[in-house]
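**Student:** sequence below, structure please.
(chains A and B)
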There are 2 protein chains.
Amino acid sequence: MSTRECDWVIGFDADDTLWHNEIIFERTQTCFRALLAKYHDAAVVDRTLLATEMRNLDLYGYGVKGFTLSAIETAVALSGGKVSAEEIGEMIRRGREMLAHPVVLMEGVVEVLADLGARHRLLVITKGDLRDQERKLAKSGLGEHFRHVEITSEKNEVTYSEILRRHAIMPENFLMVGNSLRSDILPVVALGGTGVHVPCAVTWAAELVEREPVAPGRFFR
Amino acid sequence: MSTRECDWVIGFDADDTLWHNEIIFERTQTCFRALLAKYHDAAVVDRTLLATEMRNLDLYGYGVKGFTLSAIETAVALSGGKVSAEEIGEMIRRGREMLAHPVVLMEGVVEVLADLGARHRLLVITKGDLRDQERKLAKSGLGEHFRHVEITSEKNEVTYSEILRRHAIMPENFLMVGNSLRSDILPVVALGGTGVHVPCAVTWAAELVEREPVAPGRFFR
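**Tutor:** Model (predicted):
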C-alpha cells in the first residue's frame, strides 16, 4: 500500500462506525419490551418488531421514524388493540428522544480521521434518514475531515458504483470502512474495492450476514 | 433569453410541480378530521395538527413518516388520551397508503420536459424523505429527462448555492421551476438566479409566503 498511498480514497460508514447508534435503538427496544410485557414475552416482542420492520422497510427505509411507526404498529397488533393512547404517546416521545440524542463518537475516531485525512481523501457514505444523518454529522463535529458526504437510501453495488462514478474514483483505489459486512464490505469488495470491517459490539439483526468475503488482500477485519 | 438559450440549466421541484402530492395529504387529513370529529371540530384539528408538524419539523423533516407521527401525536392529545389502538392502527395504514400511492403527473409535464430537455440541462431539486422521493421519481418514469437528481432535507439559499457550486452552474444561468415561492423561488432569486412560479391549486400552509420577489426579469409566474 505504501508506494501509492496518496491514491487511496477512504469511505467511512457513519452509524456504529464513527458514532454509536444501535445501542440507542437497543435501549428504546428494552423500554418497548417492558411496555408489552403484560401481553407477550420479550422473544415474541423482538421477533414481531423485527418482522414488522422488515415488512415495512421498502416503504419506510432506514431510520428512527420508520422504527417508531413499526414499533407502534407492533404494539397495536401484539396488545390485541389494548395498548393505550398514553402508551402510544410515550412511544412517540421515545422516538423523538432518539432523534435528539447526543452523538457519542467511537473511541479514537478523531485521531484516526485526522491522521488519515492528512494523507487521503475521506468520504462519509451512510444510509438512512436524510435529516437525521445530516444532524448527526453536524453534532459529531467531524464534518471538516470529509471531502464529500453521501447519504443514500440503500447501500448496495448499484449505489456504491454510482458514488464512485460521480467522484471519478477507481474501485481499486477505494477502501470502505464500516461495521456492516452486508452494507459496507460485501458490495465494495464485489466491485473490486477493499473493505475494512470494524465489528461493533451490537449489530441490528437485519444487517447480519453469515459469511465474510473471500478476497485476499482486499478484505481486512 | 434566445441568444444564449443553450446556457440555461433548469431545476424542477418535484412534489406539486412534476406530480400531485398535497392533494394526497389533504385526503388523508380529511379522514383524520372525521376520526377526531367526536372530540373537536375541523378547525381545531387542522390548527393543532399544523402546530404539531411545525414543532416537530426540525427533528422529523418533511415527508409522510413525520406527518403520520405528528398526526398520531395530535390524535393522542386532542382525544384526551381516548383514541383507540384500532384508530391508531388505521392512521398507520393510511400513512403507508400515502407512501404506496401511485404517482399522478401534472398535466403536460412529459411534453414540457421532452421539449426543454432537448435544449437544456435539467435537474430535479426536491426536499423530503430520501426513499419516498426516489420511489416517486422511479414511478413517475421521468428520470431519463434529468441529468442530476438532488434530494435535500431543506431548500434554502445554502442548499441551492451548494448544489450550484457542486455542478459548476452560475446562478445567472440557472432557472428554477416550482410551486412554492418559499422553497423554489425566493432563495434562487436571492442568489441571482431566475424563478418560475407555477402555482398549484393546493399548497401546504407551511409553504405559504405573503410576498412575491421583486426581481424584474428574474421572476415569472
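
**Student:** so stretch A:49-64, near chain B or not?
**Tutor:** Yes: for stretch A:49-64 and chain B, the contact criterion (Cβ under 8 Å from any Cβ of the partner chain) is met by A:Asn56, A:Leu59, A:Tyr60, A:Gly61. All C-beta atoms are positioned from the backbone trio N, CA, C, and that covers glycine.

**Student:** isn't the second one right next to B:Met98, touching?
**Tutor:** It stands for A:Leu59. No: using Cβ atoms under 8 Å, A:Leu59 is not in contact with B:Met98; the gap is 9.7 Å.

**Student:** thinking again about what came up before, pLDDT, neighbour count and secondary structure for the residues of stretch A:49-64 next to chain B - can I get that in a markdown table?
**Tutor:** Converted to a markdown table, the residues of stretch A:49-64 next to chain B look like this (pLDDT from 0 to 100; neighbours: other Cβ atoms under 10 Å in any protein chain shown; DSSP: H, G, I helix; E, B strand; the rest coil):
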| residue | pLDDT | neighbour count | secondary structure |
| --- | --- | --- | --- |
| A:Asn56 | 97 | 18 | helix |
| A:Leu59 | 95 | 19 | helix |
| A:Tyr60 | 96 | 25 | helix |
| A:Gly61 | 93 | 24 | coil |
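
**Student:** can stretch A:164-184 be said to contact chain B?
**Tutor:** No: using Cβ under 8 Å from any Cβ, stretch A:164-184 stays clear of chain B, with a minimum separation of 9.2 Å.

**Student:** for that stretch, buried residues please.
**Tutor:** The neighbour-count check on stretch A:164-184 (16 or more other Cβ atoms under 10 Å in any protein chain shown) flags A:164, A:169, A:171, A:173-181, A:183-184 as buried.

**Student:** can you tell me which of the residues of stretch A:49-64 next to chain B is closest to B:Tyr160?
**Tutor:** Proximity of these to B:Tyr160 was ranked by Cβ to Cβ; the top entry is A:Gly61 with 24.8 Å.

**Student:** just checking, that closest one touches B:Asp129?
**Tutor:** Yes: using Cβ under 8 Å, A:Gly61 is in contact with B:Asp129, at 7.2 Å.

**Student:** overlap in contacts, the two.
**Tutor:** Here A:Gly61 and B:Asp129 have A:Asp129 as joint contacts, going by Cβ atoms under 8 Å, 6 or more residues apart in numbering or on different chains.

**Student:** rewinding a little: just send the buried residues of stretch A:164-184 back as a markdown table, with pLDDT, secondary structure and distance to B:Ala138 too.
**Tutor:** Listed next are the buried residues of stretch A:164-184 as a markdown table, based on pLDDT from 0 to 100; DSSP: H, G, I helix; E, B strand; the rest coil; distance: Cβ to Cβ, whole Å:
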| residue | pLDDT | secondary structure | distance to B:Ala138 |
| --- | --- | --- | --- |
| A:Leu164 | 97 | helix | 21 |
| A:Ile169 | 96 | coil | 25 |
| A:Pro171 | 96 | helix | 25 |
| A:Asn173 | 96 | helix | 31 |
| A:Phe174 | 97 | strand | 26 |
| A:Leu175 | 96 | strand | 31 |
| A:Met176 | 97 | strand | 26 |
| A:Val177 | 96 | strand | 30 |
| A:Gly178 | 95 | strand | 26 |
| A:Asn179 | 93 | coil | 29 |
| A:Ser180 | 93 | coil | 25 |
| A:Leu181 | 93 | helix | 27 |
| A:Ser183 | 95 | helix | 21 |
| A:Asp184 | 96 | helix | 25 |
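
**Student:** dump these to JSON lines, plus distance to B:Ser79.
**Tutor:** Below are these laid out as JSON lines (distance: Cβ to Cβ, whole Å):
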{"residue": "A:Leu164", "distance to B:Ser79": "51"}
{"residue": "A:Ile169", "distance to B:Ser79": "53"}
{"residue": "A:Pro171", "distance to B:Ser79": "55"}
{"residue": "A:Asn173", "distance to B:Ser79": "58"}
{"residue": "A:Phe174", "distance to B:Ser79": "53"}
{"residue": "A:Leu175", "distance to B:Ser79": "54"}
{"residue": "A:Met176", "distance to B:Ser79": "48"}
{"residue": "A:Val177", "distance to B:Ser79": "48"}
{"residue": "A:Gly178", "distance to B:Ser79": "44"}
{"residue": "A:Asn179", "distance to B:Ser79": "42"}
{"residue": "A:Ser180", "distance to B:Ser79": "41"}
{"residue": "A:Leu181", "distance to B:Ser79": "46"}
{"residue": "A:Ser183", "distance to B:Ser79": "40"}
{"residue": "A:Asp184", "distance to B:Ser79": "44"}
